[in-house]
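*Asks:* Take a look and give me a structure for this.
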Amino acid sequence: MSLTERPSDEFISLLKKSGDSDQNVAYAAQREFAKALELPLRKGVLVGNILGDIFETINVEPGASTEYPLDLISPGLEGEHVAYTNPGHGRVPERAVESDYVMIPTYSITSSIDYLLRYAREARWDIVGRAMQVLEAGFVKKMNDDGWHTLLAAGVDRNILVYDGDATAGMFSKRLVSLMQTVMRRNAGGNTGSANRGRLTDLYVSPEALEDVRNWGLDQIDEVTRREIYTASEGGAPITRIFGVNLHDLDELGEGQEYQTFFSASDGLGGSLQSSDVELVVGLDQGANDSFIMPMKQQVEIFEDPTLHRQQRAGYYGFAELGFGVLDNRRVILGSF
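*Replies:* Next comes the predicted model:
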């Protein structure tokens, strides 16, 4: 079942029963309705988040440890890099202090929604379905924020900010991509023959930065790349590759936008851009797939809220238990333009 499409007649019948004037019938249907929502909501949360291609989801059994050994990432070099974890939703990520392992804390995230009972009785899936999308979006927003806050904290701790001193402030340049590649490689540890040698694979930039790319002249990009840019669908796959690096646009990046504000705010990370620069760029090494971890102890569960019947409303709430960790902050590099 998809939350954006009209469900089966059987599901619509269940929806009508959930708004029944007989409380016993309504409660039983609401309980069944809640469980029927769990699978599509779980799928929707994973599809809707902007972390799916970054953090590896690791399902952890209840009571099991979320301890991760660091010596498996860079054997013998554990002291040369730092791990970051998120202690809870909305909190500033913390530097892990363990020596050869890191414990990633897990915590609950919640979301809820309610609507008039008559919308259920009248089988108004156009309204109820939209309410379920809002419920889903509540989970997605919290996951995205916590994951990206952890990435940004890991990057700030490196005290490295790459910028193109020859470019006009506020203009995303091709040279900045090249400089970030070099700085990432030089500061990734190891040598040419090292396993999982660090390299820049992905850049996350604002929509305005991609607008700059679209305006690059023929002296900066070839016709093949230009065609990729012009034909790329908005919100789809990475728009293009510059020097083999995937470019992704992120609405939360950009001057005055949410993640850049978290980066620079005194009650956030307290980071700063190069003087006169106005935007942040986030570079990641996703080649090794060994550092960005999302342990999940409990997937999304949905429950009915029987306390709302007196108000002639139906309500649902849910929660999940997860965590975020960056095991090696050398996989993150920040830049500005």
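*Asks:* Kindly list the longest strand within this structure.
*Replies:* strand 292-304 (DSSP state E).
*Asks:* what angle do the helix or strand just after that one and strand 292-304 make?
*Replies:* As assigned by DSSP states H and E, the chain's next helix or strand after strand 292-304 is strand 313-322. Using axes from the mean of the first three to the mean of the last three Cα atoms, to 10 degrees, the inter-axis angle of strand 313-322 relative to strand 292-304 is 160 degrees.
*Asks:* The stretch 201-337 of the chain: strands as residue ranges?
*Replies:* Remark: strands assigned in the stretch 201-337 of the chain by DSSP state E, counting those that start in this stretch are 202-205, 240-242, 245-249, 280-284, 292-304, 313-322, 325-326, 332-336.
*Asks:* pLDDT averaged over the shortest one, what's the number?
*Replies:* For strand 325-326, the mean per-residue pLDDT is 94.
*Asks:* contacts for that strand?
*Replies:* Residues outside strand 325-326 that contact it (Cβ atoms under 8 Å, 6 or more residues apart in numbering): 68, 83-86, 96, 102, 104, 150-151, 153-154, 291-295, 332. All C-beta spots, glycine's among them, are computed from the backbone N, C-alpha and C.
*Asks:* quick one on the thing from earlier: give the partner strands of the longest strand of the chain in its sheet and their orientations.
*Replies:* Paired neighbours of strand 292-304 in the sheet (DSSP bridges): strand 56-59 (parallel), strand 313-322 (antiparallel), strand 325-326 (antiparallel).
*Asks:* Reformat those into a markdown table and put distance to residue 129 next to each item.
*Replies:* Shown next, in a markdown table, are the strands paired with strand 292-304 (distance: least, Cβ to Cβ, whole Å):
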| stretch | distance to residue 129 |
| --- | --- |
| strand 56-59 | 26 |
| strand 313-322 | 13 |
| strand 325-326 | 35 |
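*Asks:* Now residue 141, what are its backbone angles?
*Replies:* Dihedral angles of residue 141 (phi, psi; degrees, to the nearest 10) stand at phi -60, psi -50.
*Asks:* As a check, name the ranges of all helices in the stretch 151-300 of the chain.
*Replies:* Assigned by DSSP state H, counting those that start in this stretch, the stretch 151-300 of the chain shows helices spanning 174-186, 207-214, 223-231, 258-264.
*Asks:* Now the shortest one - C-alpha only, CSV.
*Replies:* The C-alpha trace of helix 258-264 is given here as CSV (Å, rounded to 0.1, in the frame of the first residue of the first chain):
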residue,chain,number,x,y,z
GLU,A,258,18.8,25.3,8.4
TYR,A,259,22.0,23.2,8.3
GLN,A,260,24.2,26.1,7.5
THR,A,261,22.7,28.0,10.5
PHE,A,262,23.3,25.0,12.7
PHE,A,263,26.9,25.0,11.5
SER,A,264,27.5,28.6,12.4
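*Asks:* quick one: low-confidence parts of the stretch 151-300 of the chain?
*Replies:* Judged by pLDDT under 70, the stretch 151-300 of the chain has its weakly predicted residues at 189-196, 226, 229-239.
*Asks:* before we move on, back to that, so which of the helices of the stretch 151-300 of the chain comes closest to residue 314?
*Replies:* Closest to residue 314 of the helices of the stretch 151-300 of the chain is helix 258-264 (Cβ to Cβ; 31.9 Å).
*Asks:* Okay, domains of the chain per the record?
*Replies:* 9-69+82-151+293-324, 156-291+329-336 (automatic domain parsing).
*Asks:* Turn the ones you listed into a markdown table, including mean neighbour count.
*Replies:* As requested, the domains of the chain are exported to a markdown table (neighbours: other Cβ atoms under 10 Å):
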| stretch | mean neighbour count |
| --- | --- |
| domain 9-69+82-151+293-324 | 18 |
| domain 156-291+329-336 | 17 |
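*Asks:* Can you tell me the SS state at residue 68?
*Replies:* Using DSSP: H, G, I helix; E, B strand; the rest coil, the structure places residue 68 in strand.
*Asks:* which residues sit in contact with the closest residue to residue 262 other than its chain neighbours?
*Replies:* Among residues not flanking residue 262 along the chain, residue 268 sits closest, at 4.2 Å (Cβ to Cβ, 6 or more residues apart in numbering). Contact analysis of residue 268 by Cβ under 8 Å, 6+ apart lists 92, 261, 262.
*Asks:* I'm done for today, thanks for sticking with me.
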